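# Structure for this input, please:
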Amino acid sequence: MKFHFALPFLLICAACGAQTSAAAASPSSARVLDSTARVDRSGTLLVLDSDGWHPSAGAGFPTRVMGDGLGFRPRPLTSFTAPAESSWWLTTPYEGYTSVDRGQTWNKVLDRDTLKNGANLTGLASSPINPLQWAAGTTFHGLWLSLNGGKTWKDQPDLEIAYAYNDGSKEQINAFAWSSMVPGRLYASVGKEGGRLWALETATGKKQSFLFPGGGYLEIPEALASYVVGGTEILEVRTRTSYWRYDLTAGVWTKTDDRDDIPVWDEAKARRMEASKDKFGLYLSAYTVGLTGQLDKHLDFMAKNGLNTLVLDFKNDFGEIAYSSQVPLARAAKAVKPQFDAAEVVRKVHARGFYLIARQVVFKDNRLYAYDKNKYAPWDSLTKKPWGYFETVTAEDGTQTQIQKEFWVDTYSSEVWDYNVAIAQELQGLGVDEIQFDYIRFPSDGPVNRLVSRYKVEGMTRLDALESFLQRARAGLTLPISVDIYGYNGYFVTDHLGQNMAMMSRYVDAISAMLYPSHFWNTFLPGMDYVARSKIIYQDGSDRTFLNTNRQVHVRPWVQSFLIGGELKMSDQRIEDYLNAQLAGTAASRASGWLLWNSSNKYYMVTKPLERFRTKVGLPY
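Below you'll find the predicted structure:
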């Protein structure tokens, strides 16, 4: 079955039967997409010349700053397209650029702040038929169009809706291309489902999906290109593994090439990924483990309930180090507050056959904040004092006092990075199995608009600061590294508070998004039963983390094993169902493991063994 668009004579395979062919379906056999310029998997622009492929970064090319003394480096790209020979377009998470001289010089033509949605950019291009008609794709706010060469923009309705998130979020645009034959037509890949593409008539808003046999669920097109040969429009598609061509007149797909740049993990990465896969665990504080008999009690609980991993505080939310650290700055900052014998804990956990993850809070740190007259504290631009998050407390007599609730250190400071890497290296030497960085972000509460850095290098962004730290940590450690991120930052690619899962996946081995259902807005996935909603959050969220981390990390979410707000009124059965729904959603996703979080370490929501919710993955992904 085929359908006709109202505009021209083109035919597109309908969702009930795309044709495929092993033979060439178009008049041209030479591939156009990525033939002379392309972006590799690291986000580097490569250009082909007589000597082969070479990195390209002409004048005006977007750059980033990676720590003091490292200077400017090309910023990784999120897209590249060449709708015409003399028209090259690219995007970074923040900006869009164009070149009319094949990359010799670049001009910035779009700042994502223009779109006023905070999403990262996934694409930018003008129509080859009408150069004033532009389109921009984003990670969680869909498609945007401009009819006046980027001067003004308007967001478009979702092309595809997996769920009605109802919080302003829209499906991510994976890739798009303007039609080279039909004015105003745009082809796009949207969301998690890569087995279909969309054709949008931008003048009328009419849209139609059609099958793409080279894609599937979480197997998405990464780039599209349209061109005309002999009066026939050809649509080319690049996926993670191959290239495809579609003859829009004949309605036939052809696989043209396998990709020769599929990433292969080096020996060290493969070893880390194997060691850290399929971990099912719970969190314990240093205080709990320091109490007589509590470690043995919880290890027994783990064995009884099908868990194999313990996440234990070695450096907590206050910057206190729970073992006898010998890191000089830790001792100078009076951060060493031993709660347990690290060697004995490691021995005991390993004797039970369990995997030990050392949780290390990074940038939330009372001790380092106060050290040496607040040397590493961020600064308050208004008070000209160390920045802090304060709360007003009213006594019975009405007296009000300002109490500082949180203490953060300067995330831009390379000395803070080195301090935390030194602690992680010490933990590695003590025999833990993995380092987990938590609070690896900028502050979210308090007068953050007044927070300024005394260490920020000119041109460095929040994303650059966290990447610089992770780069140093990866270079200094051989153990698996994992990071904890906000649930929303694992749902969609963003750089909220500096957390960008796509960037992090280049340095770490596991990402644990805190997908706690209670922490999403009440309007998120509205109209659902609360328990059923929790399953969708974990399945949909974990799959989105997998999709957007390039198969380079284990997806290992934190599961909400505590109750707050209205959840406290749940019956015993509904409490059990609530936990199980989260675990079932995770097990149905592409996750590799999960972790139970309860800050008080009271896992009353676990009433039956949890083996039935174990995930099992094959490597490499």
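# which intervals of the stretch 151-300 of the chain have sub-threshold pLDDT?
For the stretch 151-300 of the chain, applying pLDDT under 70 flags no range at all.
# what about the strands in it?
Applying DSSP state E, counting those that start in this stretch to the stretch 151-300 of the chain gives strands spanning 154-155, 173-178, 185-190, 196-201, 206-211, 223-229, 232-238, 242-247, 252-258, 279-284.
# Next: the stretch 351-500 of the chain.
Under DSSP E, counting those that start in this stretch, the stretch 351-500 of the chain gives strands at 355-361, 379-380, 389-394, 400-406, 434-438, 451-452, 481-486.
# Strand partners (parallel or antiparallel) of the third one?
Paired neighbours of strand 389-394 in the sheet (DSSP bridges): strand 400-406 (antiparallel).
# Mind putting the strands of the stretch 351-500 of the chain into TSV with distance to Ala332 and mean pLDDT?
Bear in mind the C-beta positions are built from the backbone N, C-alpha and C, glycine included. Below are the strands of the stretch 351-500 of the chain laid out as TSV (distance: least, Cβ to Cβ, whole Å; pLDDT from 0 to 100):
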stretch	distance to Ala332	mean pLDDT
strand 355-361	18	98
strand 379-380	22	96
strand 389-394	25	91
strand 400-406	22	92
strand 434-438	22	98
strand 451-452	25	97
strand 481-486	26	98
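# Ala177: which of those is closest?
Comparing the strands of the stretch 351-500 of the chain by their distance to Ala177 (Cβ to Cβ), the top pick is strand 481-486, with 31.7 Å.
# Flag every buried residue along the closest one.
Residues Ile481, Ser482, Val483, Asp484, Ile485, Tyr486 are the ones in strand 481-486 that count as buried (16 or more other Cβ atoms under 10 Å).
# OK, contacts around Ile161?
Counting by Cβ atoms under 8 Å, 6 or more residues apart in numbering, Ile161 makes contact with Glu171.
# and it, how far is that from Arg590?
Counting by Cβ to Cβ, to the nearest Å, the gap from Ile161 to Arg590 is 21 Å.
# again, but for Ala164
23 Å.
# Next, find the distance separating the nearest residue to Tyr389 once chain neighbours are set aside from Lys255.
In space, Tyr389 comes closest to Gly446 once its chain neighbours are excluded; the distance is 3.0 Å by Cβ to Cβ, 6 or more residues apart in numbering. For Gly446, the distance to Lys255 equals 54 Å [Cβ to Cβ].
# Same list (the strands of the stretch 351-500 of the chain) but as a markdown table, adding distance to Leu284.
Formatted as a markdown table, the strands of the stretch 351-500 of the chain follow (distance: least, Cβ to Cβ, whole Å):
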| stretch | distance to Leu284 |
| --- | --- |
| strand 355-361 | 9 |
| strand 379-380 | 35 |
| strand 389-394 | 27 |
| strand 400-406 | 23 |
| strand 434-438 | 13 |
| strand 451-452 | 32 |
| strand 481-486 | 15 |
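# What sits closest to Leu124 if chain neighbours are left out?
Using Cβ to Cβ, 6+ apart, the closest residue to Leu124 is Gly96 (3.8 Å).
# residues in contact with the spatially most distant residue from the centre of the chain?
Among the C-alpha atoms of the chain, the one farthest from their average position, using Cα atoms, centre = their mean, is that of Asp397, at 48.7 Å. By Cβ under 8 Å, 6+ apart, Asp397 lies in contact with nothing.
# The chain: helices as residue ranges?
267-276, 286-290, 294-304, 328-332, 342-351, 366-374, 414-430, 462-476, 487-491, 501-504, 530-547, 572-587 (DSSP state H).
# closest to Gly216 out of those helices?
Proximity to Gly216 (Cβ to Cβ) singles out helix 530-547 among the helices of the chain, at 11.8 Å.
# Return the set of buried residues in the closest one.
Residues of helix 530-547 classed as buried by neighbour count (16+ other Cβ under 10 Å): 530-531, 533-547.
# Kindly report the same for stretch 191-206.
Neighbour-count burial for stretch 191-206 flags Gly191, Lys192, Glu193, Gly194, Gly195, Arg196, Leu197, Trp198, Ala199, Leu200, Glu201, Thr202 (criterion: 16+ other Cβ under 10 Å).
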